[in-house]
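Visitor: generate a structure from the sequence data that follows.
(2 chains)
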Amino acid sequence: MNGYMGQILRINLTTRKISTIKTEDYAEWGGGHGIGSALFWELCPDKAISGFDPRNVVTIMTSPLSGTLAPAVAGRTEVQGIGVQGYPIEWFTRSNFGGRFAALLKYAGWDGIVIEGKADKPVWLDIRNQQITIKEAGSLWGLDTWETQEEIWREVMGNAATRDEWWQLGTERDSGRTTQKPAVLTIGPAGENLCRNASLIHDAGNSAGQGGFGAVWGSKNLKAISVVGTGSVDIADPNGLMNARLWAKENYATHIDNPYDERVGLYSFPNKPGNSLGIYPEHVSSRPQGCFGCHKGGCRRRTDSGGNESQCVDFFFYDAHDMERHGGKTTTTFLQTADLAQRAGINVYELESGIIWLRHLYKLGVLGRGKEINTDLPFEQFGETAFAADLIDKIAHRKEIGADLGEGLARAAKKWGRLEQDLKSGILPLQYWGYAQHYDARVETDWGYGSILGERDINEHDFNWLVYWTPSIGYLTGEKPLVSAKELSEIIAEKCKPYSDPLMIDYSDKGIYSEHMVKLIAWHRHYTRFWKQSIGYCDWAYADFVNPYTPDYRGITGEGEPKFFNAVTGSNISFEEGIEIGRRIWNLDRAIWILQGRHRDLEHFAQYTYEVPAKTGYTTYEIPYVMPTYENGTWDYRVIGGRVIDKQKFEEWKSKFFEFEGWDPATGWPRRDTLEKLNLGHVANALAKQGKLGA
Amino acid sequence: MSDNQKDLSRRQFLKLFAGTAAGVAFGGAIPQLINLGNGVIAIPASEGYLLVDTGKCAGCSSCMLACSLVHEGKENISLSRIQILQNPFKNYPDDISMFQCRQCTYPACVEACPTSALYVDKENRNIRTVDERKCIGCMQCVEACPQTPSRVIWNFEEHHSQKCDLCANTPFWDGQGGPGKKKACESVCPVSAIKFVQEIPTQYGSVGYDVDLRGPIWQKFGFVARRDS
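Guide: Here you go, the predicted structure:
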């Protein structure tokens, strides 16, 4: 089994039993998410339990490409289980993170970890190759995520923790040696205090934020997992893998000596190093920083430790407030607040929407000192580090207003009696399943529809850079995108096999309810479930549809994903075969959600989506939505802001989608023949037993 | 011991050993020496060196992955002949260190080897490399390397020493390696933080090996072009 280590570590924290699972039995799912879902299906018999229930099963999975030279995939780890962030139901969900963890777990000899049960007191897991120890974490409990990691390094490495030298794992000469620090995944105070918006943090800025897995770990009394390994990942075709990497670098990655800065737009596979969307103050020295095997190096480390390894929303949750406070320019405030969130272990998406909402309530006179919602949050320092620091501290330690906010925004709003009205007005921008609006379902339907048909904010930028950001930036600057709307529709059609429908990216008022949009959403769900979440291709690099370096502007997607996978594993699967596995995984996830209570009647957006026209900058960091539409026989990038979703039309669209997937349009439940064609007959049986099989 | 204390100057290298003392010091490695006359014996300098820019490195470790892949046919960063170390909680530029073999003009590893397994390869422009068949696993070369961490790697899976050969022998890659040709780490580095040169770097300290590989374009990315701290 080239690419796989052959075994998955299984830990029962209640009994402290350590055992193994053969990876071979699950390899049909590819890796990562697919294997995680299959394991959860088997090991968590009652899927309707709370995420806080000790019977909840958490999987932490790598892929066959983890720890290999395949570009922008080697460092990603997929986390799954019943999350505690989703509202009104704590859906079975996922998150993932980058860094070094997946690679070092593979080198230690493991394809993944399964966590079951609940420890009777705080523990951490020490993995050194095949040596597994459950250790007491009393002295770590209360430390922030950075302090915890450094403490564990000292425990594992001894004196080598402070020196650049080889250190030995074990006492035998050939028991393995390394120069690397253990990769640690940990919770901070927010996780310990069961905040539903608590993250898992690795190194300085790698975070599995969505889903509230930090709180799930906290409920299991699991503080951290440390892993270091010295083993090898077998590669089926080393020469093929090396040459594929060089092929990708030459043809698709940023040419360091010939960057594309004269071209408008945001791209996936090529990315100027250190460019986390270009918002760093340039007077501070820094370097680009990338995850294991990354060819992009999209993050940074700076001289002043401001936001090291953080990127995007890690900064954006506070940068606009920093600017507003400081005369229209960002200061180091938004970098410092990113670090504070990482150290406390809090999901920054909740902070982003939460801060906007709290400020609305403050301005309404509802919240503040002596107000209906009483808090001493220092609004007079809004935009300064002090405000964010106080809010983060309150949430992470469940102090004062944080006692409620630690339950997540939706549940806090419910308790304060504001949920319905604030979702209706939109001042509480939780558009799907209690998750913060990331991109607006009213306009960017691939994001919105995908999220509501799934279980969380999808956070998948496959189309987003091209259909939204690139034309919208061009609209503001007056510069044309690299490819026209018509050319983009043709490229997307070529890449999105097997559907190959140019009208898939018609975001017009008509297009978003069409059968073409059905294909786009289906392709997206299937593609990401396999190639990105199971094999681990990073969202910042894939899908790569449009690439400024190729003569015809076609990106690496379609050819690259299977090329690297096959070189590592020795398989010979096609891009489309991978997507079909993704469809199988998507159906398995759907079945789990159905056993948790999913019905089509639950799949609707927050009320403001249907009633309040999309307003730029009202909810997140969006700029005016300019997107490709096909109207009156012509393609163009057109302004589509200011619209709402027509609820009736959306319901009709859902029926079309369910039919397309082979699901019962009356319920959204898969039919038996659909599942059996996917070799999921046992899943069909389980649904039938509950009376939840589609008709 | 600091790098400065460990390193030898070029002059020392050229006139290091005289008379019969060299034979004792180098054991079976005598055939690799050059008699310069007047009792001066020297080791021919390597005709290739890897330079790095630790201030430019993005820490992706792709060089380690490529090195292991082309030499061992598998991914194992512990077997990589270049090592990238990171501390994510330190600030730039102290967060990353790059450790490549220096192809020392005075190769203590060659001197230490009792079986000439670690030798100067005249067929490949005098790189210092390991004949794994001759290695008896005494690890004296690993210990003798004056650099920390040692640039001679102990292959604990196959039980022999190994070190950077500038890709002269990459059984798992059809790229034409060796001095003057492709190097896996240099080829794969996404930010061009590794560079092959033929000139002998200053042997004193690290300044000859850890150099400024940035340029004006680096500024376009929002970084400083000059070496700074």
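
Visitor: surely A:Ile11 is in a strand?
Guide: Yes - counting by DSSP: H, G, I helix; E, B strand; the rest coil, A:Ile11 is located in a strand.

Visitor: burial of it, as a residue count?
Guide: By other C-beta atoms under 10 Å in any protein chain shown, the residues close to A:Ile11 number 24. For every residue, glycine as well, the C-beta is placed using N, CA and C.

Visitor: is it true that it touches A:Thr20?
Guide: No - A:Ile11 sits out of contact with A:Thr20 when judged by C-beta atoms under 8 Å, with a separation of 10.3 Å.

Visitor: for chain B, what's its nearest residue on chain A.
Guide: A:Gly297 (3.4 Å; C-beta to the nearest C-beta).

Visitor: where exactly do the helices run in the stretch 51-200 of chain A?
Guide: Along the stretch 51-200 of chain A, counting by DSSP state H, counting those that start in this stretch, helices occupy A:101-107, A:145-157, A:189-192.

Visitor: make TSV out of these and add mean pLDDT.
Guide: Below are the helices of the stretch 51-200 of chain A laid out as TSV (pLDDT from 0 to 100):
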stretch	mean pLDDT
helix A:101-107	98
helix A:145-157	98
helix A:189-192	98
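
Visitor: how about CSV for these, with mean neighbour count and distance to chain B added?
Guide: Shown next, in CSV, are the helices of the stretch 51-200 of chain A (neighbours: other C-beta atoms under 10 Å in any protein chain shown; distance: least, C-beta to the nearest C-beta, whole Å):
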stretch, mean neighbour count, distance to chain B
helix A:101-107, 29, 7
helix A:145-157, 20, 6
helix A:189-192, 28, 18
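
Visitor: part of a helix, is A:Pro624?
Guide: No - applying three-state DSSP, one finds A:Pro624 to be coil, outside a helix.

Visitor: quick one, what contacts it?
Guide: Neighbouring residues of A:Pro624 by C-beta atoms under 8 Å, 6 or more residues apart in numbering or on different chains: A:Ser472, A:Tyr475, A:Leu476, A:Thr616, A:Val639, A:Gly641.

Visitor: quick check, the residue in chain B closest to chain A?
Guide: Chain B approaches chain A most closely through B:Ala58 (3.4 Å), counting by C-beta to the nearest C-beta.

Visitor: wait, that residue touches B:Ile194, no?
Guide: No - when contacts are counted by C-beta under 8 Å, B:Ala58 is not listed as touching B:Ile194 (11.6 Å).

Visitor: re earlier: of the helices of the stretch 51-200 of chain A, which is nearest B:Lys134?
Guide: Evaluated with C-beta to C-beta, the helices of the stretch 51-200 of chain A place helix A:101-107 nearest to B:Lys134, the distance being 28.8 Å.

Visitor: what packs against the helix or strand hosting B:Met98?
Guide: Following DSSP states H and E, one finds B:Met98 within strand B:96-99. Applying 3 or more C-beta pairs under 8 Å, 6 or more residues apart in numbering or on different chains; DSSP states H and E, one finds that strand B:96-99 contacts strand B:83-86.

Visitor: elements contacting the strand it packs on?
Guide: Strand B:83-86 packs on helix B:62-72, strand B:96-99, going by 3+ C-beta pairs under 8 Å, 6+ apart.

Visitor: re the thing from before, tell me which of B:Ala58 and B:Ile194 has more neighbours.
Guide: When B:Ala58 and B:Ile194 are compared for neighbours, B:Ala58 comes out ahead with 27 against 23, by other C-beta under 10 Å.

Visitor: any regions of chain A where pLDDT drops low?
Guide: The model of chain A has pLDDT under 70 over residues A:261-264, A:276-283, A:616-621.

Visitor: do chain B as well
Guide: Within chain B, the stretches with pLDDT under 70 are B:1-36, B:39-41, B:225-229.

Visitor: now do the strands in chain B.
Guide: For chain B, the strands defined by DSSP state E occupy B:17-18, B:34-37, B:40-42, B:49-52, B:74-75, B:83-86, B:96-99, B:118-121, B:127-130, B:153-155, B:160-162, B:194-197.

Visitor: nearest to A:Val683, out of those strands?
Guide: Evaluated with C-beta to C-beta, the strands of chain B place strand B:74-75 nearest to A:Val683, the distance being 34.7 Å.

Visitor: A:Arg590 should be in a helix, yeah?
Guide: Yes - applying three-state DSSP, one finds A:Arg590 inside a helix.

Visitor: can you pull the contacts of the nearest residue to B:Glu47 once chain neighbours are set aside?
Guide: Leaving aside its chain neighbours, B:Glu47 sits nearest to B:Arg125 (3.6 Å; criterion: C-beta to C-beta, 6 or more residues apart in numbering or on different chains). The contact partners of B:Arg125, by C-beta under 8 Å, 6+ apart, come to B:Ser46, B:Glu47, B:Gly48, B:Gly178, B:Pro179, B:Gly180.

Visitor: could you flag which of these are buried?
Guide: Applying 16 or more other C-beta atoms under 10 Å in any protein chain shown to these, the neighbour count classes B:Ser46, B:Glu47, B:Gly48, B:Gly178, B:Pro179 as buried.

Visitor: how about those residues, which pair is most distant?
Guide: Top of the distance list for these (C-beta to C-beta): B:Ser46 and B:Gly178, 11.4 Å.

Visitor: find residues that contact each of those two.
Guide: When contacts are counted by C-beta under 8 Å, 6+ apart, B:Ser46 and B:Gly178 are jointly contacted by B:Arg125, B:Ile127, B:Leu166.

Visitor: dump these to CSV, plus distance to A:Ala341.
Guide: Converted to CSV, the shared contacts of B:Ser46 and B:Gly178 look like this (distance: C-beta to C-beta, whole Å):
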residue, distance to A:Ala341
B:Arg125, 52
B:Ile127, 49
B:Leu166, 45
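
Visitor: show me which of those is closest to A:Glu487.
Guide: Checking the shared contacts of B:Ser46 and B:Gly178 against A:Glu487 by C-beta to C-beta gives B:Leu166 as the nearest, at 44.8 Å.

Visitor: the closest one contacts B:Gly48, correct?
Guide: Yes - here B:Leu166 lies in contact with B:Gly48, judged by C-beta under 8 Å, at a distance of 5.0 Å.

Visitor: which stretches of chain B form helices?
Guide: Counting by DSSP state H, chain B has helices at residues B:3-6, B:10-14, B:20-26, B:62-72, B:108-112, B:140-144, B:184-188, B:216-220.

Visitor: this completes my enquiry, with thanks.
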